[in-house]
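Novice: I'd like to go over a predicted model; first the sequence, then the structure.
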Amino acid sequence: MTAITAVQPDLSIEIFDALSQSQNIELQAVVDDFHAGVAELRTLIEDGAIIHCPTSQGKDSTVVELMAIEAYRQAVAAGIITSNHPLILSTVDTGGEQPAMKFYVQYAKRRIEAYAKACGINLRYDIVMPPVNDQFYIKYTGSHNLYVSNYVST
(Lines give C-alpha, C1' and ligand atoms only; values in the text may rest on other atoms or scores of the structure.)
Protein backbone atom coordinates (compact mmCIF):
# COMPACT_ATOMS: atom_id res chain seq x y z
CA MET A 1 0.00 0.00 0.00
CA THR A 2 1.30 3.45 -0.86
CA ALA A 3 0.54 6.78 0.67
CA ILE A 4 -0.16 8.27 -2.75
CA THR A 5 -3.50 7.74 -4.44
CA ALA A 6 -3.71 8.07 -8.18
CA VAL A 7 -6.49 10.44 -9.18
CA GLN A 8 -8.30 9.95 -12.46
CA PRO A 9 -9.79 13.34 -13.29
CA ASP A 10 -12.13 12.05 -15.99
CA LEU A 11 -13.66 9.50 -13.59
CA SER A 12 -14.00 12.15 -10.86
CA ILE A 13 -15.76 14.53 -13.25
CA GLU A 14 -18.27 11.82 -14.20
CA ILE A 15 -19.00 11.13 -10.52
CA PHE A 16 -19.46 14.83 -9.76
CA ASP A 17 -21.68 15.28 -12.83
CA ALA A 18 -23.91 12.42 -11.67
CA LEU A 19 -24.07 13.88 -8.14
CA SER A 20 -24.81 17.34 -9.45
CA GLN A 21 -27.67 16.06 -11.65
CA SER A 22 -29.31 14.21 -8.75
CA GLN A 23 -28.84 17.23 -6.51
CA ASN A 24 -30.37 19.50 -9.15
CA ILE A 25 -33.48 17.30 -9.24
CA GLU A 26 -33.74 17.44 -5.43
CA LEU A 27 -33.07 21.19 -5.38
CA GLN A 28 -35.70 21.80 -8.06
CA ALA A 29 -38.22 19.97 -5.86
CA VAL A 30 -37.31 22.31 -2.98
CA VAL A 31 -37.71 25.35 -5.24
CA ASP A 32 -41.09 24.05 -6.42
CA ASP A 33 -42.22 23.54 -2.80
CA PHE A 34 -41.09 27.09 -1.97
CA HIS A 35 -43.11 28.58 -4.84
CA ALA A 36 -46.15 26.47 -3.88
CA GLY A 37 -45.93 27.86 -0.33
CA VAL A 38 -45.65 31.41 -1.67
CA ALA A 39 -48.74 30.83 -3.83
CA GLU A 40 -50.73 29.56 -0.83
CA LEU A 41 -49.70 32.55 1.29
CA ARG A 42 -50.61 34.91 -1.55
CA THR A 43 -54.09 33.38 -1.64
CA LEU A 44 -54.47 34.15 2.07
CA ILE A 45 -53.11 37.68 1.68
CA GLU A 46 -55.35 38.41 -1.29
CA ASP A 47 -58.36 37.31 0.79
CA GLY A 48 -57.41 39.98 3.33
CA ALA A 49 -55.51 37.89 5.87
CA ILE A 50 -52.71 39.47 7.86
CA ILE A 51 -49.85 37.01 8.19
CA HIS A 52 -48.11 36.58 11.53
CA CYS A 53 -45.01 34.46 11.11
CA PRO A 54 -43.14 33.42 14.25
CA THR A 55 -39.49 32.80 13.39
CA SER A 56 -36.46 31.64 15.32
CA GLN A 57 -34.14 32.43 12.39
CA GLY A 58 -33.32 28.72 12.28
CA LYS A 59 -33.44 26.77 9.02
CA ASP A 60 -37.13 25.80 8.94
CA SER A 61 -38.69 29.00 10.22
CA THR A 62 -36.48 31.10 7.95
CA VAL A 63 -37.83 29.30 4.88
CA VAL A 64 -41.41 30.01 5.99
CA GLU A 65 -40.46 33.61 6.75
CA LEU A 66 -38.93 34.00 3.28
CA MET A 67 -42.06 32.53 1.70
CA ALA A 68 -44.20 35.10 3.53
CA ILE A 69 -41.92 37.97 2.52
CA GLU A 70 -41.93 36.82 -1.11
CA ALA A 71 -45.72 36.49 -1.12
CA TYR A 72 -46.06 40.04 0.21
CA ARG A 73 -43.45 41.34 -2.25
CA GLN A 74 -45.33 39.82 -5.18
CA ALA A 75 -48.73 41.04 -3.95
CA VAL A 76 -47.46 44.60 -3.39
CA ALA A 77 -45.65 44.65 -6.76
CA ALA A 78 -48.80 43.44 -8.53
CA GLY A 79 -50.91 46.08 -6.77
CA ILE A 80 -53.13 43.40 -5.22
CA ILE A 81 -52.59 44.72 -1.70
CA THR A 82 -51.62 48.16 -0.56
CA SER A 83 -48.24 48.80 0.96
CA ASN A 84 -49.86 49.40 4.36
CA HIS A 85 -51.08 45.76 4.60
CA PRO A 86 -48.96 44.51 7.55
CA LEU A 87 -46.71 41.48 7.72
CA ILE A 88 -45.89 40.56 11.32
CA LEU A 89 -42.77 38.62 12.26
CA SER A 90 -41.75 37.75 15.80
CA THR A 91 -38.85 36.00 17.44
CA VAL A 92 -38.90 34.84 21.05
CA ASP A 93 -35.68 35.15 23.00
CA THR A 94 -36.13 32.57 25.76
CA GLY A 95 -33.21 33.92 27.76
CA GLY A 96 -31.31 30.69 27.21
CA GLU A 97 -29.92 31.42 23.76
CA GLN A 98 -26.21 31.37 23.01
CA PRO A 99 -24.70 34.83 22.41
CA ALA A 100 -23.88 33.96 18.79
CA MET A 101 -27.55 33.17 18.10
CA LYS A 102 -28.67 36.42 19.76
CA PHE A 103 -26.26 38.35 17.54
CA TYR A 104 -27.41 36.48 14.44
CA VAL A 105 -31.09 37.17 15.12
CA GLN A 106 -30.37 40.90 15.45
CA TYR A 107 -28.30 40.80 12.25
CA ALA A 108 -31.03 38.95 10.33
CA LYS A 109 -33.72 41.30 11.66
CA ARG A 110 -31.90 44.37 10.33
CA ARG A 111 -31.40 42.75 6.92
CA ILE A 112 -35.03 41.62 6.68
CA GLU A 113 -36.31 45.06 7.70
CA ALA A 114 -34.13 46.74 5.06
CA TYR A 115 -35.30 44.32 2.36
CA ALA A 116 -38.96 44.75 3.32
CA LYS A 117 -38.61 48.54 3.22
CA ALA A 118 -37.00 48.38 -0.22
CA CYS A 119 -39.90 46.22 -1.46
CA GLY A 120 -42.61 48.42 0.07
CA ILE A 121 -43.70 45.78 2.60
CA ASN A 122 -45.25 47.08 5.82
CA LEU A 123 -43.20 44.87 8.15
CA ARG A 124 -43.50 44.76 11.90
CA TYR A 125 -40.77 42.58 13.40
CA ASP A 126 -40.57 42.23 17.17
CA ILE A 127 -38.12 40.30 19.29
CA VAL A 128 -39.92 39.46 22.50
CA MET A 129 -38.71 38.01 25.76
CA PRO A 130 -40.76 36.41 28.53
CA PRO A 131 -40.65 37.90 32.03
CA VAL A 132 -37.72 36.73 34.15
CA ASN A 133 -39.73 34.09 36.02
CA ASP A 134 -40.79 32.48 32.71
CA GLN A 135 -37.40 32.49 31.01
CA PHE A 136 -36.15 29.05 30.03
CA TYR A 137 -33.03 29.09 32.21
CA ILE A 138 -34.88 30.24 35.34
CA LYS A 139 -37.90 28.00 34.78
CA TYR A 140 -36.03 24.76 34.13
CA THR A 141 -32.90 25.12 36.21
CA GLY A 142 -34.29 27.02 39.19
CA SER A 143 -34.96 25.41 42.55
CA HIS A 144 -38.76 25.80 42.23
CA ASN A 145 -38.59 22.91 39.78
CA LEU A 146 -37.65 20.42 42.51
CA TYR A 147 -40.27 17.91 43.49
CA VAL A 148 -40.99 17.68 47.19
CA SER A 149 -42.93 14.66 48.36
CA ASN A 150 -45.26 14.52 51.35
CA TYR A 151 -44.53 10.81 51.68
CA VAL A 152 -43.47 9.89 55.19
CA SER A 153 -41.82 6.54 55.84
CA THR A 154 -43.20 4.52 58.77
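Specialist: Cool, the structure landed.

Novice: roughly how far apart are Ile51 and Ala77?
Specialist: 16 Å (CB to CB, to the nearest Å). The way it works is simple: take the backbone N, C-alpha and C, and place the C-beta from them, glycine included.

Novice: Looking at those two, which is more packed in?
Specialist: Ile51 (19 against 10; other CB atoms under 10 Å).

Novice: In contact with that one, which residues?
Specialist: Neighbouring residues of Ile51 by CB atoms under 8 Å, 6 or more residues apart in numbering: 41, 44-45, 68, 71-72, 87-88.

Novice: Now intersect these with the helices, please.
Specialist: 41, 44-45, 68, 71-72 (DSSP state H).

Novice: Farthest-apart pair in those, please.
Specialist: Leu44 and Tyr72 (10.8 Å; CB to CB).

Novice: Between those two, point out the one with more neighbours.
Specialist: Tyr72 (26 against 13).

Novice: So that one sits against Ala49, correct?
Specialist: No. In this structure Tyr72 lies outside contact range of Ala49 using CB atoms under 8 Å: 11.2 Å.

Novice: The residue most central in space within the chain: what's its closest spatial neighbour, skipping adjacent residues?
Specialist: The centroid of the chain falls nearest to Thr62 when counting by CA atoms, centre = their mean (1.7 Å). Leaving aside its chain neighbours, Thr62 sits nearest to Thr55 (6.5 Å; criterion: CB to CB, 6 or more residues apart in numbering).

Novice: can you tell me which residues contact the one you found?
Specialist: Here Thr55 is in contact with 61-62, 64-65, 89-91 (CB under 8 Å, 6+ apart).

Novice: Type out the PyMOL command that picks the buried ones from these.
Specialist: Here is the PyMOL command that selects the buried residues among those (16 or more other CB atoms under 10 Å):
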select buried, resi 64+65+89+91
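
Novice: Closest to Arg124 out of the contacts of Thr55?
Specialist: Of those, the one sitting nearest to Arg124 (CB to CB) turns out to be Leu89, at 7.3 Å.

Novice: residue contacts, the closest one?
Specialist: 52-55, 65, 68, 112, 123-126 are the contacts of Leu89 under CB under 8 Å, 6+ apart.

Novice: From these, which land in strands?
Specialist: Among the contacts of Leu89, DSSP state E puts 52-54, 123-126 in strands.
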